[in-house]
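Undergrad: Please work out how this folds:
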Amino acid sequence: MPEKPKAGSSAATALVVASMIGTGVFTSLGFQLLDYQAAPPILMLWIVGGLTALCGALCYAELASFLPKSGGEYHFLSEIYHPAFGFMSGLLSAVVGFAAPTALSALAIGGYVHASFPVIPVQAVAVVVILLGTAAHSVSTSTSARVQTAATILKLLLILS
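TA: Got it, this is the predicted structure:
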């Protein structure tokens, strides 16, 4: 039996890094600057957000050590409460946890493209970005891994620049 294709540790790392650095990094700073013109309050907001995320990650790690089985939230909620809660969590995660951030990221890219080229509609760019991403991830595991790694590197370079 042939071995299943794998993405590799660099692509897995890129996926985790990209998941941790959301679209808000590129979109929320303008809103924060409307209320706070100085850097310290904005940095404090980011620190509080980071600590909150760390608390959530530590809770997940604790749950995973007590309930060691694949499935994440679905497994945790099904075991702790009832399978219906696990199902609802999975459904909500598919819609809100995956589809919404993809759409928001595509709209953010569309907004940046529109700012540079006003004749190009934001929604058109967003649709093209989603279709290109879908196509790239549909080709093969190795293509998907390369696209994910390149996108993560681009995201990091944009933050560092």
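Undergrad: in the longest helix belonging to the chain, what counts as buried?
TA: Ranked by number of residues, the top helix in the chain under DSSP state H is helix 39-66. Judged by neighbour count using 16 or more other Cβ atoms under 10 Å, the buried positions of helix 39-66 are I42, L63. All C-beta spots, glycine's among them, are computed from the backbone N, C-alpha and C.
Undergrad: cool, stretch 122-131 as well?
TA: V122, V125, A126, V129, I130.
Undergrad: Please enumerate residues in contact with that stretch?
TA: T102, A103, S105, A106, L107, I109, G110, G111, V113, H114 (Cβ atoms under 8 Å, 6 or more residues apart in numbering).
Undergrad: Report all helices and strands that the helix or strand hosting A108 contacts.
TA: Of the helices and strands defined by DSSP states H and E, A108 is found in helix 100-116. Here helix 100-116 touches helix 24-27, helix 122-139, going by 3 or more Cβ pairs under 8 Å, 6 or more residues apart in numbering; DSSP states H and E.
Undergrad: Out of these, flag the one nearest P40.
TA: With respect to P40, and counting by Cβ to Cβ, the nearest of the helices and strands packed on helix 100-116 is helix 24-27 at 18.4 Å.
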